[in-house]
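[1] Below is the structure, and that's it, no one-letter string:
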């Protein structure tokens, strides 16, 4: 209703997770796929129509859940010695940074020969231990 009242409803595409599964890894995989889909839609408008698009990923926390699950599978399949020690202990490795950057690098201003539009990407996350806004500040 707010989008309609603001007169921008026809310019907004919402891509959301269904959240039909109770399994957190399944939810994380779906959220990761939805984020990639939203970026692809933004890129289509930027490249194909020269428009500027804003993609908001309301939580990248699911990316970490999916990363941890895939790392556990790799350890089970290939063994502990084949997996980077930092990954096994929950640390951020170059592979994990690459996993996140695959999404982040989709943002940018494109050349006129590539459509001339842009994709702005806003990634949101929760802060551990911060259950809400401190009203006193």
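    Perfect, thanks for sending it. This is a predicted model, so every value here is computed, not measured. Residues are numbered from 1 along each chain as shown.
[2] all contacts plus neighbour counts: C-alpha atoms, from now on.
    Fine.
[3] just checking, residue 96 touches residue 67?
    Yes. In this structure, residue 96 is within contact of residue 67 by Cα atoms under 8 Å, at 7.4 Å.
[4] what residues does the helix or strand where residue 101 lies touch?
    Using DSSP states H and E, residue 101 sits within helix 94-104. With contact meaning Cα atoms under 8 Å, 6 or more residues apart in numbering, helix 94-104 is reached by 35-36, 39, 63, 67, 121.
[5] how distant is the following helix or strand past that helix from the center of its chain?
    Downstream of helix 94-104, the first helix or strand assigned by DSSP H and E is strand 108-109. Here strand 108-109 is found 17 Å from its chain centre; the criterion is Cα atoms, centre = their mean, to the nearest Å.
[6] Same question for stretch 105-117.
    19 Å.
[7] ok, now stretch 117-128?
    With Cα atoms, centre = their mean, you get 8 Å for stretch 117-128.
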